[in-house]
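**Student:** Could you work out the structure for the sequence below:
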Amino acid sequence: MKIRHKSDHGPRRAAEYPPIEEQLDMLWHAMDRGLMPKAEPFYTTLQRVKQQHPKT
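**Tutor:** Numbering: from 1, shown residues only. You can find the predicted model right below:
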């Protein structure tokens, strides 16, 4: 007889993911580096804000 345990991976995965803000920043940087196609208007909207408020 096999004993099967239900995996409760959802909450454990969610706890490991970075905050959504960081996930979106990772996507933007991947687009900016040409690692993936630019999703519009997502990319240009964020690019405009980043240019208006550069890191100091």
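**Student:** secondary structure element for the most centrally placed residue in the chain?
**Tutor:** Computing the C-alpha centroid of the chain and ranking residues by C-alpha atoms, centre = their mean puts Gln23 first, at 2.1 Å. Element membership for Gln23 (DSSP states H and E) is helix 20-32.
**Student:** Now that helix: buried residues?
**Tutor:** 27-28, 31 (16 or more other C-beta atoms under 10 Å). Any C-beta I mention is one placed from the backbone N, CA and C, and that applies to glycine too.
**Student:** Kindly present these as a markdown table, with separate columns for pLDDT and distance to Gln52.
**Tutor:** A markdown table is the format used below for the buried residues of helix 20-32 (pLDDT from 0 to 100; distance: C-beta to C-beta, whole Å):
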| residue | pLDDT | distance to Gln52 |
| --- | --- | --- |
| Leu27 | 96 | 20 |
| Trp28 | 94 | 15 |
| Met31 | 97 | 18 |
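**Student:** now, which of the residues you listed sits nearest Ile3?
**Tutor:** Here the nearest of the buried residues of helix 20-32 to Ile3, counting by C-beta to C-beta, is Leu27; it sits at 40.7 Å.
**Student:** for that closest one, what are its contacts?
**Tutor:** Taking C-beta atoms under 8 Å, 6 or more residues apart in numbering as the criterion, Leu27 is in contact with 36, 39, 42.
**Student:** now these in JSON lines, with neighbour count, secondary structure and pLDDT?
**Tutor:** Converted to JSON lines, the contacts of Leu27 look like this (neighbours: other C-beta atoms under 10 Å; DSSP: H, G, I helix; E, B strand; the rest coil; pLDDT from 0 to 100):
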{"residue": "Met36", "neighbour count": "10", "secondary structure": "coil", "pLDDT": "97"}
{"residue": "Ala39", "neighbour count": "11", "secondary structure": "coil", "pLDDT": "96"}
{"residue": "Phe42", "neighbour count": "13", "secondary structure": "helix", "pLDDT": "96"}
